[in-house]
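>>> Structure for the following, please:
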Amino acid sequence: MFADGIKVAPSLLSADFGRLREEVRRIEEAGADWVHLDIMDGNFVPAITFGPAVPRALRPHTGLIFDAHLMVAEPEKYLESFARAGADLITVHVEATAHLDRVLREIRRRGLKAGAALNPATPPETLDYLWPLLDLVLVMSVNPGAGGQPFIPEMLPKIEALSRRIRTLGRPVELSVDGGIDSRTAPQAVAAGATVLVAGSAVFGAPDGLELIQAFKTTGGPRQEV
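Presented below is the predicted three-dimensional model:
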């Protein structure tokens, strides 16, 4: 399911919710690899976005990988509903559950890929006992809960550390970065070791956003200094 090279996962959170099917079609035609689904519950994070009804409605209209990022408390309660809605990958937050290994096993038991997300303040060492269960690690380069925030540059050493650890595993694990990804920060994330770029407002909120998808996939975007 995971192809080689840099993957681009536009975040549906920044799309036009009045025409989601058309938005997904546009990013698919532009070369996106995944659709990033930001699920927020108003508890783990302040905002509320959408539930499984949205991916369920979109699933018949696209072959893109559905990357369900559960920014919710007690994510174990929602695994089945998102699996049934067509998610290919479910990522849960280290900070959101007391039994992360159990949650990851439950995701994999359903035949899905399993990911763990780290908030900016959460150290990479949190994952030390979980690597056999992980298909993806998501580094939050902003504090979760709202789109359009600026990239936190102090997350680059964390990405580098996780990339080094993944290279020692001998099995494929994607390293995703979410938050403030644009033409300036994408090259830095890729240089640090990211293999998946989650971009919301840079793709959906800019006139040249769809063009950035190919730029991200090939080079991480045009290289600029911070």
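>>> does Ala206 sit in a helix, a strand or a coil?
With DSSP: H, G, I helix; E, B strand; the rest coil as the basis, Ala206 sits in coil.
>>> With adjacent residues omitted, what lies nearest to it?
Closest residue in space to Ala206, ignoring its immediate chain neighbours: Leu212 at 7.4 Å, by C-beta to C-beta, 6 or more residues apart in numbering. Where C-beta positions appear, they are placed from N, C-alpha and C, glycine not excepted.
>>> Give me the neighbour count for that neighbour.
As a burial measure, Leu212 scores 23 neighbours (other C-beta atoms under 10 Å).
>>> Could you pull up the residues touching it?
182-183, 186, 199, 202-203, 206, 221 (C-beta atoms under 8 Å, 6 or more residues apart in numbering).
>>> CSV please, covering these and showing distance to Leu169, secondary structure and neighbour count.
Listed next are these as CSV, based on distance: C-beta to C-beta, whole Å; DSSP: H, G, I helix; E, B strand; the rest coil; neighbours: other C-beta atoms under 10 Å:
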residue, distance to Leu169, secondary structure, neighbour count
Asp182, 30, coil, 20
Ser183, 31, coil, 19
Ala186, 24, helix, 28
Ala199, 26, strand, 31
Ala202, 30, helix, 26
Val203, 30, helix, 29
Ala206, 36, coil, 15
Gly221, 27, coil, 27
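>>> ok, which pair from these is furthest apart?
Greatest spatial distance in the contacts of Leu212: Ala186 and Ala206, 13.1 Å, computed using C-beta to C-beta.
>>> and of the contacts of Leu212, the nearest to Gly193?
Ala186 (12.9 Å).
>>> closest to Ala114 among the contacts of Leu212?
Ala199 (22.6 Å).
>>> Tell me how far the closest one lies from Ala87.
Separation of Ala199 from Ala87 (C-beta to C-beta, to the nearest Å) stands at 19 Å.
>>> And for Leu162?
On the measure of C-beta to C-beta, Leu162 and Ala87 end up 23 Å apart.
>>> Those two - which one has more neighbours?
Legend: neighbour count by other C-beta under 10 Å for Leu162 and Ala87, higher for Ala87 (28 against 22).
>>> For the more buried one, which three-state class applies?
Quick answer, by three-state DSSP: Ala87 is coil.
>>> Can you name the residues that contact the closest residue to it other than its chain neighbours?
Excluding the flanking residues, the one nearest Ala87 by C-beta to C-beta, 6+ apart is Ala68, at 4.1 Å. Going by C-beta under 8 Å, 6+ apart, Ala68 touches 37, 39, 55, 82, 87, 89-91.
>>> Also Val45?
So Val45 contacts 71, 144-145 (C-beta under 8 Å, 6+ apart).
>>> Where do the helices of the chain begin and end?
Using DSSP state H, the helices found in the chain span residues 20-29, 53-58, 79-84, 100-109, 156-167, 186-192, 201-204, 209-219.
>>> Save these as TSV, and put in distance to Pro120 and mean pLDDT too.
Below are these laid out as TSV (distance: least, C-beta to C-beta, whole Å; pLDDT from 0 to 100):
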stretch	distance to Pro120	mean pLDDT
helix 20-29	27	97
helix 53-58	27	98
helix 79-84	25	98
helix 100-109	18	98
helix 156-167	8	97
helix 186-192	14	96
helix 201-204	19	93
helix 209-219	22	89
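>>> Of all the ones you listed, which one comes closest to Tyr129?
Among the helices of the chain, helix 100-109 comes nearest to Tyr129, with 7.1 Å by C-beta to C-beta.
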